[in-house]
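> Quick one, what's the 3D model for this:
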Amino acid sequence: MTFTAIDFETATGYAYSACAVGIVTVEDGVITEEYHTLIQPPDNEYWYRNIMVHGIKPVETLNLPTFDGVFPEIRKRLQGKKLVAHNESFDRNVLMKTMHYYGLYYDELELADRWECTCKIYKTKGYKPANLKACSERNGIELNHHEALSDARACAKLYLLHDGQVKLHL
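Predicted coordinates:
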């Protein structure tokens, strides 16, 4: 099973305000690479509500590159890959809107129109709730929720477990 799991955190309620990304590469059922970076959102603007969710503050991203500056690293991990996210519509929308904001072309990534969604997979399995925290706890997966790399790693492990063919040693 080869895929890439991704998770974004946003600084405001706007999808183009990515302030962190976590990317986990899985090749043949094994996590082979992890990438995480904080990103300076547009005008380094944050909403208090978002800070309360993920704990990232403007001072932490003030001197960091904006999305277009880190995009080459993101592109090389995503281009042409099978993507998985826990709430795929959110993360796909953040990627699309942030790329558009910076004049980057999403279609060049050659991604599927819809990504795999572990939230939908686990809802189908009867999980209630099926949020990342509940799914991770139920499956014994360590999670520092709303830390982008931890969320992407948990998503990758949930996706590996979903068909019952892969057993994780956690």
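> Check the burial of the closest residue to residue 85 other than its chain neighbours by counting its neighbours.
Distance criterion Cβ to Cβ, 6 or more residues apart in numbering; nearest residue to residue 85, sequence neighbours excluded, is residue 91 at 3.9 Å. The C-beta positions use only the backbone N, C-alpha and C, and glycine is treated the same way. Residues lying near residue 91 (other Cβ atoms under 10 Å) number 26.
> for residue 157, same thing?
Residue 157: 25 surrounding residues under other Cβ under 10 Å.
> again with residue 139
16.
> Check whether the residue nearest to residue 85 really touches residue 6, as I assumed.
Yes: contact criterion Cβ atoms under 8 Å: residue 91 and residue 6 qualify, at 5.6 Å.
> where do the contact lists of those two overlap?
Residues touching both residue 91 and residue 6 (Cβ atoms under 8 Å, 6 or more residues apart in numbering) are residue 85.
> for residue 148, phi and psi?
The phi and psi values for residue 148, taken as degrees, to the nearest 10, are phi -50, psi -40.
> Could you find the closest non-adjacent residue to it?
Leaving out its chain neighbours, the residue that sits closest to residue 148 by Cβ to Cβ, 6+ apart is residue 22, at 3.4 Å.
> do residue 143 as well
In this structure, residue 143 finds its nearest non-sequential neighbour in residue 136, 4.1 Å apart by Cβ to Cβ, 6+ apart.
> part of a strand, is that neighbour?
No: Residue 136 is assigned helix when assessed by DSSP: H, G, I helix; E, B strand; the rest coil, not a strand.
> i'd like the first residue to be 502 from this point on
Okay, residue one is now 502; in that scheme the one you just asked about reads as residue 637.
> and residue 621, what does it touch?
Counted by Cβ under 8 Å, 6+ apart, residue 621 has contacts 589, 631.
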